[in-house]
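Peer 1: here is the input, now give the coordinates:
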Amino acid sequence: MNGRVEQGGWVIIMSFIIAIILIFIPLPESFRFLRPHWVLLVLIYWMMALPKRVGLGTAWFLGLSMDVMMGGVLGVTAFVYALIAFLVLRFHLQLRQFPLWQQGLWVFSLIFFGQFVLALKSLGSVGWYSWWLPAVTSTLVWPLVFAILRWSRRTFRVI
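Peer 2: Numbers count the residues shown, from 1 in each chain. Below is the predicted model of the structure:
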């Protein structure tokens, strides 16, 4: 034991709740594919910052929750989230050392991969833009998400 008492779990939970709310904010049909993947962005941040508190179990639970809320095939999003979580957890020490723009490239790669796997389940019923545009917009908002969650983690001393 390292003797540190874990605190600030409510900040982590609230950040996921806010990310889920952002996903359900209605957008016009033409902008639907421009929505960043908020839940994955928050998940990636917390796994990089606190890999012992937010891990595969959290990713799996969030994925199942998203499947239920979005009415998708149960377990597909959970599988994708767990796959992305595995990659982030495997390389979290390296990711933390990268500058923000390089982290953004990783975020793009991870979300692009996740969107591609999700698009495979519907083979041809969605346009090609529907699985790469969320990766682009997620990459563009990554610095903002990183800054807000880092500020929250430091302000509320989440350890």
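Peer 1: which residues in the protein form strands?
Peer 2: Secondary structure of the chain (DSSP state E): no strands present.
Peer 1: any idea which helix is longest in it?
Peer 2: Taking DSSP state H as the criterion, the chain has its longest helix at helix 129-155.
Peer 1: what average pLDDT does that helix get?
Peer 2: For helix 129-155, mean pLDDT rounds to 92.
Peer 1: what is that helix packed up against?
Peer 2: Here helix 129-155 touches helix 9-24, helix 38-49, helix 100-120, going by 3 or more C-beta pairs under 8 Å, 6 or more residues apart in numbering; DSSP states H and E. Every residue, glycine included, has its C-beta placed from N, CA and C.
Peer 1: how about the contacts made by the residue nearest the centre of the chain?
Peer 2: For the chain, the residue nearest the mean C-alpha position is residue 40 (1.1 Å; C-alpha atoms, centre = their mean). Counting by C-beta atoms under 8 Å, 6 or more residues apart in numbering, residue 40 touches 81, 84, 110, 111, 114, 138.
Peer 1: let's see 10 Å
Peer 2: The neighbours of residue 40, taking C-beta atoms under 10 Å, 6 or more residues apart in numbering as the test, are 19, 59, 62-63, 66, 77, 80-81, 84-85, 88, 107, 110-111, 114-115, 134-135, 138.
Peer 1: quick check, pLDDT for it.
Peer 2: 96.
Peer 1: surely residue 25 meets residue 35?
Peer 2: Yes. Residue 25 lies in contact with residue 35 (C-beta atoms under 10 Å); the separation is 8.4 Å.
Peer 1: please say which of the two ends up with more neighbours.
Peer 2: More neighbours surround residue 35 than the other of residue 25 and residue 35, with 15 against 8 (other C-beta atoms under 10 Å).
Peer 1: so how far is residue 137 from that one?
Peer 2: 7 Å (C-beta to C-beta, to the nearest Å).
Peer 1: residue 97 versus the nearest residue to residue 39 once chain neighbours are set aside, what's the distance?
Peer 2: Nearest non-adjacent residue to residue 39, counting by C-beta to C-beta, 6 or more residues apart in numbering: residue 19, 4.6 Å away. Per C-beta to C-beta, residue 19 is found 25 Å from residue 97.
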